[in-house]
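Chemist: Output the structure for:
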Amino acid sequence: MLIECPECKGLVSQQADACPHCGHPVLPNRATPGAKKTKASKTWGTLVAIALVLGIIATVGEVRQKATLNVASALSPAEIPTRNVEPQRDPPDSFRGIKWDSVLPSRKELQQSVLKGCGKIVERSNFTDRPQCWHAHGDADDMDMFAQSRNVTPFLGVSVSEQLPSWSYKKFWSGEVFIHNYKDTDLAQLRAALISEYGSPTLDEYRWTEWNWRHANLKIILRFDPTAKPSIGGSQTNLQTSLSVRFTKTE
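Modeler: Next up, the predicted model:
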């Protein structure tokens, strides 16, 4: 095909690099067939590379997801962390019927209520003694602590090994129950009962579940230790696992 030379207006073949009349380049920007092929090859190579990268990213994401599911399935329900959510129900107004900030009752009243089953409340001066029912006073925060380790009333349907109610400045501060050598069913039952009563926990981590009402300065802590250890003040050969639930003020 003949075209017009832009310089001398003479006719010249479209395939010619320059005008045979004046030597002016005919199509200085015309790409050769080889150049087109090279450009197409580069484009195709880029698309293949992108596809490979996307494939690798998808594969890695799938592997991570499967790994997360495998780890979660290997944990017991009590050990699987959950997302932090605020409690959806009202905080507790008491522990075993003892209202927050209520005045410390007499020993007789305690034995007829929260410490029911205690024959005698012994003054405890050290941690080597292990009386069944005892009282200890701490100067820090003017703390009065009572404990019962026999004939303890069950808590939320679970048998209790010990309980520890405490008063600070003669006003009720906290109450805690302990289950030694607990069973998995004990942990599951307590956890389910607390969630049923108080809603989703604020914090749920390995061996520690917490309900926290900051506006009311109240907290519930469920914790457990599956490793058998000697109790405080107990025999070093008497090992036991421990599960506890604590209701406490946080001021």
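Chemist: make it CA atoms for all contacts and neighbour counts henceforth
Modeler: Will do.
Chemist: Mind splitting the chain into its structural domains?
Modeler: 2-61, 94-249 (automatic domain parsing).
Chemist: so can I have JSON lines of the ones you listed showing mean pLDDT?
Modeler: Formatted as JSON lines, these follow (pLDDT from 0 to 100):
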{"stretch": "domain 2-61", "mean pLDDT": "56"}
{"stretch": "domain 94-249", "mean pLDDT": "92"}
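Chemist: any idea which of those domains is most buried?
Modeler: domain 94-249 (a mean of 17; mean count of other Cα atoms under 10 Å).
Chemist: so what's Lys120 closest to, chain neighbours aside?
Modeler: Closest residue in space to Lys120, ignoring its immediate chain neighbours: Cys133 at 6.5 Å, by Cα to Cα, 6 or more residues apart in numbering.
Chemist: and the gap between the one you found and Pro226?
Modeler: Note on Cys133: its distance to Pro226, by Cα to Cα, to the nearest Å, is 26 Å.
Chemist: name the element Ala188 belongs to?
Modeler: Ala188 belongs to helix 184-198 when elements are defined using DSSP states H and E.
Chemist: Next: Gln240.
Modeler: Assigned by DSSP H and E, Gln240 falls in strand 239-249.
Chemist: Parallel or antiparallel, list what pairs with that strand.
Modeler: Take DSSP bridges as the rule and strand 239-249 pairs in its sheet with strand 171-180 (antiparallel), strand 218-230 (antiparallel).
Chemist: so which of the ones you listed gets nearest Ala18?
Modeler: Shortest distance between Ala18 and these, using Cα to Cα, is found for strand 218-230: 89.5 Å.
Chemist: contact partners of that closest one?
Modeler: With Cα atoms under 8 Å, 6 or more residues apart in numbering as the contact definition, strand 218-230 has outside contacts at 91, 181, 191, 207-213, 236-250.
Chemist: Just the C-alpha atoms of stretch 155-164, please, in CSV.
Modeler: Only the C-alpha atoms of stretch 155-164 are listed here, as CSV (Å, rounded to 0.1, in the frame of the first residue of the first chain):
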residue,chain,number,x,y,z
PHE,A,155,-22.4,-23.1,95.2
LEU,A,156,-24.5,-23.0,92.0
GLY,A,157,-25.1,-26.7,92.4
VAL,A,158,-21.4,-27.6,92.7
SER,A,159,-19.8,-29.1,95.9
VAL,A,160,-17.4,-26.6,97.6
SER,A,161,-14.2,-27.4,99.4
GLU,A,162,-13.7,-24.0,101.1
GLN,A,163,-15.2,-20.5,101.2
LEU,A,164,-13.7,-17.2,102.2
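Chemist: who touches that stretch?
Modeler: Contacts for stretch 155-164 (Cα under 8 Å, 6+ apart): 145-150, 152-154, 175-180, 186, 189-190, 193.
Chemist: one more time with 7 Å, if that's ok
Modeler: Contacting residues not belonging to stretch 155-164 are listed as 145-150, 152-154, 175-180, 186, 190, 193 [Cα atoms under 7 Å, 6 or more residues apart in numbering].
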